[in-house]
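**Student:** A structural model of the following input is requested.
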Amino acid sequence: MPSKTALYPALIDWNGHHGLPKFDAIKDEDFAPAFDAALLSHEQEIDAIAENSDAPSFENTVTALEIAGDDLSRISSLFWNRAGANTNNVVQALEREIAPKMSRHYSKIGMNEALFKRIDALWEQRDALGLTGEEKRVLERHWKGFVRSGAKLPRERQERLAAINEELAGLGAKFGQNVLADEKNWKLLLTTEEDLAGVPDFLRDAMAGAAREHGEEGKFAVTLSRSIIEPFLTFSERRDLREQAFKAWVARGENGGETDNREIVRRTLELREEKAKLLGYANFAAYKLDDTMAKTPDAVNGLLGQVWEKAVRRAGNEETELAAIIAAEGKNHEVLPWDWRHYAEKLRAQKFNFSEAELKPYLQLEKIIEACFDVAGRLFGIRAVEVKGIAAYHPDVRVFDILDDKGNLKAMFLGDYFARPSKRSGAWMSSFQSQHKLPLKNGKVGEIPIIYNVCNFAKPAEGKPALLSLDDARTLFHEFGHALHGMLSDVTYPSVSGTGVSRDFVELPSQLYEHWLTVPEILEKYALHYETGAPMPKALLDKVLAAQTFNAGFNTVEFTSSAIVDMAFHTRDGVGDPMAVQDEVLSRLNMPRSIVMRHATPHFQHVFSGDGYSAGYYSYMWSEVLDADAFAAFEETGNAFDGEMARRLKENIYSVGGSIDPEEAYLAFRGKMPNPDAMLAKRGLV
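**Tutor:** Below is the predicted model:
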């Protein structure tokens, strides 16, 4: 008799191109019963490991845990992809149900007394087991995971911890859905030339396309998609419309009614504090940082404080320059948040004699994708071959075979580049399948990684190319850097594969990869005018490179304020009203009135839509200290594509995943640990 999960073959038997799922055979209504069957199957596998009468060994306990739950992993990867990138009412309803159910399931595993006894016995005798370095890391990961899941707590505390985790999972799912609803439901329709004053053609095209998606043919829609709202705030001469759009953008999750996230944030912080104290930590930040490079809240706040002082000083100088432009136009208003991008663009045009509108025709999405692949080929010897005619999870999604330098299949890559109402905002990398070399129950040995990138660029009108801003192009490189971390993985065990590293190390491969976008020989080759095919003029290229630290104070204040508020939430006792805490922290920092947090609390999805970056938003800056120093290693050779340096980068950073300690990995690549100086210089803050 077939297993119950076998009743949903499209979800678990991936027999499409090179083992891709057959996405067009997957039905929304199959997920709920398939989850139930897979959860039961995984529970039975766990019980078999825990109740094994043989003495615990690495193979019969740790390796068995590594490959258990394969059906559940497959179903989960498909479902969470759909929930984030192509959702609907059916999927959202199930998301609210399945998030706490999954939490309950994994809490039960983490508190399985017999299973932890086996893991704990192996941990106690780890030095006598003859384990490889990777096996020691995997055992350590499992042991710490059980302890952090409450394995050493008395039963009543375990039960309370499980209840907390379950409630947090439901709150995180609801938080993200509320932000998406606020983004999806708001639009500002423009119809006249007066409304469109200052809006360049590329943005008009994107706004016309957005209006069509909302059934408003012949109009122009400002939406809360970053690829539309940010350029509108940059170019629109209508200050009243900029203010209206900006206030809607920053009010996501804070509009009252069913989609208001403020009570969700309050309850989330309350539960996180209780969880940390149940597990013996002073606060949630101490709990989250215990397994990172930073280690302590003091180390994080030390870096953020050092950067904040320099950023505020720089932003003050920038604001003075913007105010001078406003005065020169005969206006007497102060610089407010809906003014900054607009006048910064005018200041850039004055200082560097170019504008974003002049640059954008040279940044075609198609060419920047080619540039991403070319850099990967030069550094790591891989090649991307697009495969046409394959149904992915949405018609816009593109599929690529990733081949190594011998022509062997190394990975599969899916690119999902355009904004749509069914997709949450932002950009991210994830995987349907991680690389590993273990034998599976279906007889296969090992799996290649199946990685995808999701972005939210404005979709162009039919027959026109998608044009990117420089920030968009950096986002594309950033996410592909994450993708490379997954695709170049070369480890044995899935739990340490690819991006399975500490939170403040995971951004190193992505942020480092951004540097190659602005290597002159890459821009010279791929920054081609969409109409003429002519390369970006050297004079313009030189201006772009000279302006890389322009507006650095604004950008750093936006980011650092969010990171400081995140740490404040997770280090104090009894947060109470989180909005009052946010306001108090920003007041203490003397936050400029002209700048707001990059992510105000009610739509801070990194921190509250799940806990991935909770007490961890700082990690982008922590990794930036590393990435600035790492790229300096290439610059010191005089060659951005130095072969020996690229080999060391691949072998010690991109391919090892979490199989070695991140500090050891960085030392093996660079020979020393960095200080913040290179990062501060890169940001233009010294």
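**Student:** Give me the pLDDT for Y513.
**Tutor:** Y513 is assigned 98 on the pLDDT scale.
**Student:** In contact with it: list those residues for me.
**Tutor:** With contact taken as Cβ atoms under 8 Å, 6 or more residues apart in numbering, Y513 is in contact with 375, 477-478, 480-481, 484. Glycine gets a C-beta too; all of them are placed from N, C-alpha and C.
**Student:** Tell me the spacing between it and P460.
**Tutor:** Distance, Y513 to P460, by Cβ to Cβ, to the nearest Å: 25 Å.
**Student:** Tell me who's in contact with V501.
**Tutor:** 657-658, 662 are the contacts of V501 under Cβ under 8 Å, 6+ apart.
**Student:** What about those residues, which one has the most neighbours?
**Tutor:** Counting neighbours by other Cβ atoms under 10 Å, G657 leads the contacts of V501 with 28 neighbours.
**Student:** so where's this protein uncertain?
**Tutor:** Applying pLDDT under 70 to the chain flags the ranges 1-5.
**Student:** which residues touch R598?
**Tutor:** R598 touches 558-559, 561-562, counting by Cβ under 8 Å, 6+ apart.
**Student:** How about it: what's its closest non-neighbour residue?
**Tutor:** Closest residue to R598 apart from its sequence neighbours, by Cβ to Cβ, 6 or more residues apart in numbering: E558 at 4.2 Å.
**Student:** Now do the same contact list for the one you found.
**Tutor:** Listed by Cβ under 8 Å, 6+ apart, the contact partners of E558 are 595-598.
**Student:** Now tabulate the residues you listed in CSV and tack on distance to L586 and secondary structure.
**Tutor:** Listed next are the contacts of E558 as CSV, based on distance: Cβ to Cβ, whole Å; DSSP: H, G, I helix; E, B strand; the rest coil:
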residue, distance to L586, secondary structure
I595, 10, coil
V596, 9, coil
M597, 7, coil
R598, 13, coil
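**Student:** List only buried entries from those residues.
**Tutor:** For the contacts of E558, a burial check counting by 16 or more other Cβ atoms under 10 Å picks out 595-598.
**Student:** What about the one residue sitting closest to the centre of the chain? Give its phi and psi, please.
**Tutor:** The residue lying closest to the centre of the chain (Cα atoms, centre = their mean) is W428, at 4.1 Å. Main-chain torsions, W428, degrees, to the nearest 10: phi -160, psi 160.
**Student:** and it, what does it touch?
**Tutor:** By Cβ under 8 Å, 6+ apart, the neighbours of W428 are 84, 453-454, 479, 482.
**Student:** Just those: which are in helices?
**Tutor:** 84, 479, 482 (DSSP state H).
**Student:** Tell me where this protein has strands.
**Tutor:** Along the chain, counting by DSSP state E, strands occupy 188-190, 220-222, 383-387, 398-403, 409-418, 428-433, 436-439, 445-447, 450-457.
**Student:** Serialize the ones you listed to a markdown table and add fields for distance to V544.
**Tutor:** Compiled in a markdown table, the strands of the chain are given as follows (distance: least, Cβ to Cβ, whole Å):
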| stretch | distance to V544 |
| --- | --- |
| strand 188-190 | 30 |
| strand 220-222 | 27 |
| strand 383-387 | 26 |
| strand 398-403 | 27 |
| strand 409-418 | 22 |
| strand 428-433 | 26 |
| strand 436-439 | 41 |
| strand 445-447 | 41 |
| strand 450-457 | 19 |
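**Student:** neighbours around F569, how many?
**Tutor:** Neighbour tally, F569, other Cβ under 10 Å: 27.
**Student:** which ones are touching it?
**Tutor:** Applying Cβ under 8 Å, 6+ apart, the residues contacting F569 are 269, 575, 578, 581, 601, 607, 615.
**Student:** Please report the distance of the fourth one from T268.
**Tutor:** So the one you mean is V581. Distance of V581 to T268, given as Cβ to Cβ: 13 Å.
**Student:** go on, the second one?
**Tutor:** Shown here: V575 relative to T268, a distance of 10 Å by Cβ to Cβ.
**Student:** Counting neighbours, go ahead and name the busier of those two.
**Tutor:** Higher neighbour count among V575 and T268: T268, with 24 against 20, using other Cβ under 10 Å.
**Student:** residues in contact with the nearest residue to the more buried one once chain neighbours are set aside?
**Tutor:** In space, T268 comes closest to L171 once its chain neighbours are excluded; the distance is 5.2 Å by Cβ to Cβ, 6+ apart. Contacts of L171 were listed using Cβ under 8 Å, 6+ apart, and they are 264, 267-268, 271, 608.
**Student:** which of those residues has the most neighbours?
**Tutor:** Among those, F608 has the most neighbours (other Cβ under 10 Å), with 30 neighbours.
**Student:** need the contact list for the residue nearest to it when sequence neighbours are not counted.
**Tutor:** Leaving aside its sequence neighbours, F608 sits nearest to F175 (Cβ to Cβ, 6+ apart; 4.8 Å). For F175, the contact set (Cβ under 8 Å, 6+ apart) comprises 253, 261, 264-265, 268, 605, 608-609.
**Student:** do the same with L626
**Tutor:** L626 neighbours (Cβ under 8 Å, 6+ apart): 505, 508, 512, 666, 674.
**Student:** Tell me the one of those residues nearest M645?
**Tutor:** L512 (11.6 Å; Cβ to Cβ).
**Student:** wait, doesn't that closest one sit right on F480?
**Tutor:** No - between L512 and F480 no contact is recorded; they are 11.6 Å apart, counting by Cβ atoms under 8 Å.
**Student:** Out of the buried ones among the contacts of E558, the closest to A34 would be?
**Tutor:** R598 (37.8 Å).
**Student:** can you pull up the bridge partners for F220?
**Tutor:** As for beta bridges, F220 partners with L190 under DSSP bridges.
**Student:** What distance do you get for it to D182?
**Tutor:** 21 Å.
**Student:** Same check on N353?
**Tutor:** Distance from N353 to D182, counting by Cβ to Cβ: 39 Å.
**Student:** who's more crowded, the two?
**Tutor:** Neighbour comparison, N353 and D182: the larger count goes to D182, with 23 against 12 (by other Cβ under 10 Å).
**Student:** For that one, which non-adjacent residue is closest in space?
**Tutor:** Excluding the flanking residues, the one nearest D182 by Cβ to Cβ, 6+ apart is R252, at 4.3 Å.
**Student:** what do you get for K459?
**Tutor:** Per Cβ to Cβ, 6+ apart, closest to K459 is F418, 4.1 Å.
**Student:** Might you report the residue contacts of the one you found?
**Tutor:** 396, 455-459, 466.
**Student:** The same query, at a cut-off of 10 Å, please.
**Tutor:** Each residue near F418 by Cβ atoms under 10 Å, 6 or more residues apart in numbering is listed here: 209, 225, 227, 365, 394, 396-397, 454-460, 466.
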